[in-house]
Structures are given as structure tokens and as C-alpha cells.
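Chemist: dropping a prediction and its sequence here:
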Amino acid sequence: EVQLVESGGDLVQPGGSLRLSCAASGFTFDDYALSWVRQAPGKGLEWVSGINWDGGTTYCAESFKGRFTISRDNAEGTVYLQMNSLKSEDTAVYYCAKSRGPLAGSTEYDYWGQGTQVTVSS
């Protein structure tokens with residue numbers, strides 16, 4: 001059974017940092033790309049960042065470049081999202097999503113985690 005379990009969400013002040021983790025199991029982790037997608041209150045899904053199977057290529061939505069960094073540890077079966085300089089508008093549920101293939105250029109996902117809540121507020 002494929003499982004994606006996110007963790008690391010928290011309440012943080014504006015300007016602060018968080019590192020989200022997504023622990024994967026039930027599939028050959030280093031065969032697939034993974035992405036982070038978020039959903040802010042009252043809004044639709046927003047793609048944040050993706051990483052290829054080997055971690056060699058990453059993608060990031062323009063609005064997050066310079067603040068968010070995706071990485072993965074294939075030995076640990078975990079993908080991370082380092083978030084710096086957080087703003088109130090980053091408040092959202094952050095989901096980890098597994099791609100159907102090894103490259104993160106496509107936004108077709110076949111499995112999602114349950115999400116982790118990030119709240120940015122003073």
C-alpha cells in the first residue's frame with residue numbers, strides 16, 4: 001500500500017522557517033518524482049515545487065523561488081520542503097504528491113498524503 005505521511009507543519013511567526021517532511025512507503029521511492037502542493041483556506045490547490053527521481057532536477061513555482069527549497073533523501077524514502085521567510089499568505093495545508101513517473105515536469109499525481117497544516121501568524 002502506498003503511503004505518504006507529511007509532518008513538520010506548525011504555527012510560525014512571519015519571517016520564520018519550517019521544514020516539512022514526507023515519508024513515503026509502499027513503492028520504489030527512487031523510481032518516482034514527488035511534489036509539494038498546497039491549499040490555502042478557501043482557495044484551490046496550488047503547486048509549490050517538484051523534484052525528479054534522483055533529486056538532480058528540481059522545479060519551483062515562481063512565487064516561491066528563493067524562499068522554498070525541495071530536496072529528497074532516497075535512502076530514507078523522504079522528501080522535504082524547506083520554507084524560509086514565511087509570510088501570512090503561506091498559511092495552507094501542504095500536501096506531498098507522488099508523480100506517475102520519474103520526472104516532476106508533469107503534474108499528474110496518483111497518490112497524495114493527508115497534508116500538514118502550516119499557519120503563519122504573529
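Modeler: Perfect, I can see it now.

Chemist: report pLDDT for the residue nearest the centre of the chain.
Modeler: Nearest to the mean C-alpha position of the chain, by CA atoms, centre = their mean, lies Trp36 at 2.6 Å. Note for Trp36: predicted pLDDT of 97.

Chemist: could you check how far the residue nearest to it when sequence neighbours are not counted is from Met83?
Modeler: In space, and not counting its chain neighbours, Trp36 is closest to Val48: 4.3 Å by CB to CB, 6 or more residues apart in numbering. For every residue, glycine as well, the C-beta is placed using N, CA and C. As judged by CB to CB, to the nearest Å, Val48 and Met83 stand 9 Å apart.

Chemist: and Tyr95, by the same measure?
Modeler: 14 Å.

Chemist: against Thr28, how distant is Thr2?
Modeler: Quick fix: residue 2 is Val, not Thr. 11 Å.

Chemist: give me the mean pLDDT for stretch 7-16.
Modeler: When pLDDT is averaged along stretch 7-16, the result is 98.

Chemist: how far does that stretch sit from its chain's centre?
Modeler: 14 Å (CA atoms, centre = their mean, to the nearest Å).

Chemist: where does the protein have low pLDDT?
Modeler: Per-residue confidence for the chain (pLDDT under 70) gives no ranges below the cut-off.

Chemist: pretty sure Ser71 contacts Gly56?
Modeler: No - Ser71 is beyond contact range of Gly56, at 11.2 Å (criterion: CB atoms under 8 Å).

Chemist: the two - which one has more neighbours?
Modeler: Each of Ser71 and Gly56 has its neighbours counted (other CB atoms under 10 Å); Ser71 has more, 14 against 7.

Chemist: that concludes my questions; thank you for your assistance.
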